[in-house]
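Asks: fold the following.
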Amino acid sequence: PRPTHPPRGASRAPSTARGSRDRGRRAGSRARGRAGRPVGDAPRASCRRLGDPRPPACRAAPGMSSSQQREIWRNRVQRELEALPNRLPEGVRLAGGTQLNLEGCTCVIAVAVACQPAGEAPAYEVDLRVDCGHDTNYPFSPPAIGVEPGSLELVPPVLLRGASLLVPPASMWTPAFGIQSALSAAAEALRTGRLPDPATSGFVASPSGEAPARTPPRGAVVELVEAGGVVALSSVNGDVFRCQEAGSHRAVHLVVTALQVLDLRAHIILGTSSMQVADARNLQGLEKLKFKRNVSVTLQFRGGSTRKYLTEQSKAIVEAISRRMRGLGIAGTAQSVRQVRNIQTAEGILERIRYLESEFTSAPSHRLVEEFMDLFRQATEKFGEAGDARYQEVVENCQAFLRREEVAALLERTRTAAAAAGAAAPSPDAEAGGAAAAA
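Replies: As a prediction, the model looks like this:
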């Protein structure tokens, strides 16, 4: 209620009736707010000032609705569960069925981690349950890994908080990691008995559709990114180049890491704060690298996949990729534009030879033999000028062609016919002698 008299001994400046009513309303609202709030709850404004207590790398992007977060969770979990049986870390196996509810956004995976203690002690397994449900804020936060009651005594206390593992640590987590990364970190911690060190540890997740990358030196930070995930550009350790995709001219961040080449693009929902991993390729799968200075760079991977980007930093990209590949022990060869053209011409000649094979088989002729020999000669010269070792293979194919029975028989008939024609034709000396005798 609004006070009508000031406290005894205090003086107050006169105010209008309207100002008194306003102060009374504000006082009443504050009193009702204090009475209706449970004890121990912080005011709403204080929560807004304090912010989200989770690390910035693990916090969901601001402005995302609940339905958007749930859709990201469903797509991510379904994709990872489909690939998980073929990507389990060494010594980790699925110990039971996966409890997945897409409508309720819950997912719990039961696994067993094999551990081999030092000495002659017998090996044992630690049973874990991995909770990567939507309520754990996965994939923006690491999944919650709990230890089954029967395995608690097998886990070092330094790794536990209650019945939950302190691995993987939230301070090292980014949305680019996944379930396989969490299992790798947990298995490593259980075997060593130590928490991961940010300076010497890294989560490993093999990219989709690629062979496992070569193991880097011990102590190196390894962060393999999976295609289709979401990652903060600042969290990726590598050389970043701004490019445009050839054809669509869409802005792309091309990142060259120690083991991969990443194609990062602005996320359609999260905006520029996070990047969508459009493509992640293993450097060991790179077959050819072409570039035009200050114009474009083309990456050709094994299997026929080709990526072309428009950029003024094409030479810097090639130098970064070459440096990273030398670090992996992979030595490449450089080719000039003339060498590339010679190789392309030689390959076209080989295609022509294969096409003429069917025609020669059905109707062999001396004309075709001469054309074959001319094509073999051209292909050998082109490969030789380019320094390509395939010129030796062309020479061997030419010799094998000449040893074929039908070719040898055809050449023999042609030689016999030429000799007979030469014997039947009168020589110039004989013709001159006959003319002199007639005269």
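Asks: what residue is smack in the middle of the protein?
Replies: Note on the chain: the residue nearest the mean C-alpha position is Ala280, at 1.8 Å, using CA atoms, centre = their mean.
Asks: can you count the residues close to Cys115?
Replies: Neighbour count of Cys115, defined by other CB atoms under 10 Å: 18. Every C-beta, even on glycine, is put in place using the N, C-alpha and C of the backbone.
Asks: re the thing from before, check the residue nearest to the centre of the chain and give its pLDDT.
Replies: Looking at Ala280, its pLDDT reads 88.
Asks: wait, Cys353 sits on Asp374?
Replies: Slight slip there: residue 353 is Ile, not Cys. No. Using CB atoms under 8 Å, Ile353 makes no contact with Asp374, being 10.4 Å away.
Asks: compare the two (neighbour count), which wins?
Replies: Each of Ile353 and Asp374 has its neighbours counted (other CB under 10 Å); Ile353 has more, 19 against 11.
Asks: what's the spacing between the longest helix belonging to the chain and its chain's center?
Replies: Counting by DSSP state H, the longest helix found in the chain is helix 337-362. Centroid separation between helix 337-362 and its chain, computed with CA atoms, centre = their mean, to the nearest Å, is 35 Å.
Asks: what do you get for stretch 180-191?
Replies: Between the centre of stretch 180-191 and the centre of its chain there are 21 Å (CA atoms, centre = their mean).
Asks: just the CA trace of it, in CSV.
Replies: Taking C-alpha atoms only, stretch 180-191 is exported to CSV below (Å, rounded to 0.1, in the frame of the first residue of the first chain):
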residue,chain,number,x,y,z
GLN,A,180,33.2,-41.1,-32.7
SER,A,181,35.4,-38.2,-31.4
ALA,A,182,33.9,-38.5,-27.9
LEU,A,183,34.4,-42.3,-27.9
SER,A,184,38.1,-41.8,-29.0
ALA,A,185,38.7,-39.4,-26.2
ALA,A,186,37.0,-41.6,-23.6
ALA,A,187,38.9,-44.7,-24.7
GLU,A,188,42.2,-42.9,-24.5
ALA,A,189,41.5,-41.5,-21.1
LEU,A,190,40.5,-44.9,-19.7
ARG,A,191,43.6,-46.5,-21.0
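Asks: what residues of that stretch count as buried?
Replies: Neighbour-count burial for stretch 180-191, counted by 16 or more other CB atoms under 10 Å, picks out Gln180, Ser181, Ala182, Leu183, Ser184, Ala185, Ala186, Ala187, Glu188, Ala189, Leu190.
Asks: from these, which land in helices?
Replies: When the buried residues of stretch 180-191 are checked against helices (DSSP H), the matches are Gln180, Ser181, Ala182, Leu183, Ser184, Ala185, Ala186, Ala187, Glu188, Ala189, Leu190.
Asks: save those residues as CSV, and put in pLDDT too.
Replies: Putting these into CSV (pLDDT from 0 to 100) gives the following:
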residue, pLDDT
Gln180, 85
Ser181, 84
Ala182, 87
Leu183, 89
Ser184, 84
Ala185, 85
Ala186, 88
Ala187, 87
Glu188, 84
Ala189, 86
Leu190, 88
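Asks: on that earlier part again, find residues that contact each of Ile353 and Asp374.
Replies: With CB atoms under 8 Å, 6 or more residues apart in numbering applied, the contact sets of Ile353 and Asp374 do not overlap.
Asks: was I right about the residue nearest to the centre of the chain contacting Leu262?
Replies: Yes. Ala280 is within contact range of Leu262, at 5.4 Å (criterion: CB under 8 Å).
Asks: now do the shared contacts for those two.
Replies: With CB under 8 Å, 6+ apart, Ala280 and Leu262 have common neighbours Val225.
Asks: next SSE after the lowest-mean-pLDDT helix or strand in the chain?
Replies: Sorting the helices and strands of the chain by mean pLDDT, DSSP states H and E puts helix 44-50 at the bottom, at a mean of 33. Counting by DSSP states H and E, the next helix or strand C-terminal to helix 44-50 is helix 66-83.
Asks: tell me which element the residue nearest to the centre of the chain is part of?
Replies: strand 271-282.
Asks: mind listing what that strand pairs with, with the direction of each?
Replies: In the sheet, strand 271-282 lines up against strand 230-231 (antiparallel), strand 260-267 (antiparallel) (DSSP bridges).
Asks: buried ones in it, by neighbour count?
Replies: For strand 271-282, a neighbour-count test (16+ other CB under 10 Å) marks Ser274, Met275, Gln276, Val277, Ala278, Asp279, Ala280, Arg281, Asn282 as buried.
Asks: counting by contacts, list what whatever helix or strand comes next after the longest helix of the chain packs against.
Replies: Downstream of helix 337-362, the first helix or strand assigned by DSSP H and E is helix 366-386. Helix 366-386 is packed against helix 337-362, helix 390-402, helix 405-424, with contacts defined by 3 or more CB pairs under 8 Å, 6 or more residues apart in numbering; DSSP states H and E.
Asks: could I get those in CSV, plus columns for distance to Ala114 and mean pLDDT?
Replies: Converted to CSV, the helices and strands packed on helix 366-386 look like this (distance: least, CB to CB, whole Å; pLDDT from 0 to 100):
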stretch, distance to Ala114, mean pLDDT
helix 337-362, 50, 86
helix 390-402, 48, 89
helix 405-424, 63, 80
